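Q: I would like the atomic coordinates for the input below:
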Amino acid sequence: MPEGDTVYRTATKLRDALEGRTLTRCDVRVPKFATVDLTGCVVDEVLSRGKHLFIRVGDASIHSHLKMDGSWLIGGQIRRVPQYKIRILLETAETRAAGVDLGVLEILPRATDMESVAHLGPDLLGPDWEPRVAATNLAAEPERPLAEALLDQRVMAGVGNVYANELCFVMGHRPQAPVADLKDPLRVVQRARDMLWLNRSRVNRTTTGDTRPGRDLWIYGRVGRPCRRCGTTVESDRADVTGTERISFWCPVCQS
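A: Below is the predicted model:
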């Protein structure tokens, strides 16, 4: 599932392509909203909120969530995908954008579009970022597994499975450890913010500071390989987290 930095970068891409331009075509391929036609309206604003995207056009707001497989493509990129995968197609005189395999696509009244994300915690990449609020949210359920709490968008918006695993490693705790084991929840959320902020403009994400392939992440995806810090073989497990199967990675020595 794309994480907050990917969605932030997608919003930037859509903003550059669409903002301030008049739609010459609006084709919504979701039955509930298939009759909506925003042709002739100006795209006023594109913004992200955690893992959610909003394209504000006239009195409407196009709300999407990428979920596991979704993406937004621009221009010539659209030719690479079959038409049946496109959920919405927006065109201007200069370019076009397509929402592909979107997990959520709905057209909302612009005046109330933020109600759909009112449940989210502070956005790690947004203007509402409040580290102390996020730390309080994180510590609210002390017995909850740490990775599960980090993935809860009501705690803070933007962390996905890659960052949840990487944060657990750099903080020295296993993903299954209870939140109560954290000595300083504020430090954890601040580190989360640092990770996403530094990667918000990068296609090749890194948490190690090394962008070279195979050296960019501490622990994620390294099952059966040596820990970068101590050399112990990395272990993994799969579990259902809020209805989605998640895989966890940890070093049995570096993470208590």
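
Q: find the nearest non-adjacent residue to residue 13, please.
A: residue 74 (6.1 Å; Cβ to Cβ, 6 or more residues apart in numbering). All C-beta atoms are positioned from the backbone trio N, CA, C, and that covers glycine.

Q: apologies, that question was intended for residue 59.
A: Nearest non-adjacent residue to residue 59, counting by Cβ to Cβ, 6+ apart: residue 110, 5.3 Å away.

Q: and that neighbour, how many neighbours does it have?
A: By other Cβ atoms under 10 Å, the residues close to residue 110 number 17.

Q: go on, residue 251?
A: Neighbour number of residue 251 under other Cβ under 10 Å is 23.

Q: now it: how far from residue 165?
A: 11 Å (Cβ to Cβ, to the nearest Å).

Q: how about residue 185?
A: 18 Å.

Q: so which of those two has more stuff around it?
A: When residue 185 and residue 165 are compared for neighbours, residue 165 comes out ahead with 26 against 21, by other Cβ under 10 Å.

Q: where does that one fall, secondary structure wise?
A: Using DSSP states H and E, residue 165 maps to helix 161-171.

Q: list the helices and strands the worst-scoring helix or strand of the chain on mean pLDDT packs on?
A: The helix or strand of the chain with the poorest confidence is strand 235-241; it has a mean of 84 (mean pLDDT, DSSP states H and E). With contacts taken as 3 or more Cβ pairs under 8 Å, 6 or more residues apart in numbering; DSSP states H and E, strand 235-241 sits against helix 146-151, strand 244-250.

Q: give the residue spans of the stretch 101-250 of the chain that score low on pLDDT.
A: 241-243 (pLDDT under 70).

Q: how near is residue 174 to residue 181?
A: Using Cβ to Cβ, residue 174 is found at 9 Å from residue 181.

Q: ok, now residue 29?
A: 47 Å.

Q: these two: who's more crowded?
A: The neighbour comparison of residue 29 against residue 181 (other Cβ under 10 Å) goes to residue 29, with 17 against 13.

Q: just checking, the more buried one touches residue 88?
A: Yes. Assessed by Cβ atoms under 8 Å, residue 29 is found in contact with residue 88 at 6.3 Å.

Q: shared neighbours of residue 174 and residue 181, anything?
A: Shared contacts of residue 174 and residue 181, defined by Cβ atoms under 8 Å, 6 or more residues apart in numbering, comprise 146, 256.

Q: quick one: the closest residue to residue 129 other than its chain neighbours from residue 239, how far?
A: In space, and not counting its chain neighbours, residue 129 is closest to residue 122: 5.1 Å by Cβ to Cβ, 6+ apart. Using Cβ to Cβ, one gets 26 Å for the distance from residue 122 to residue 239.

Q: of the two, which one has the most company?
A: Neighbour totals were compared for residue 122 and residue 239, and residue 122 leads with 22 against 14 (other Cβ under 10 Å).
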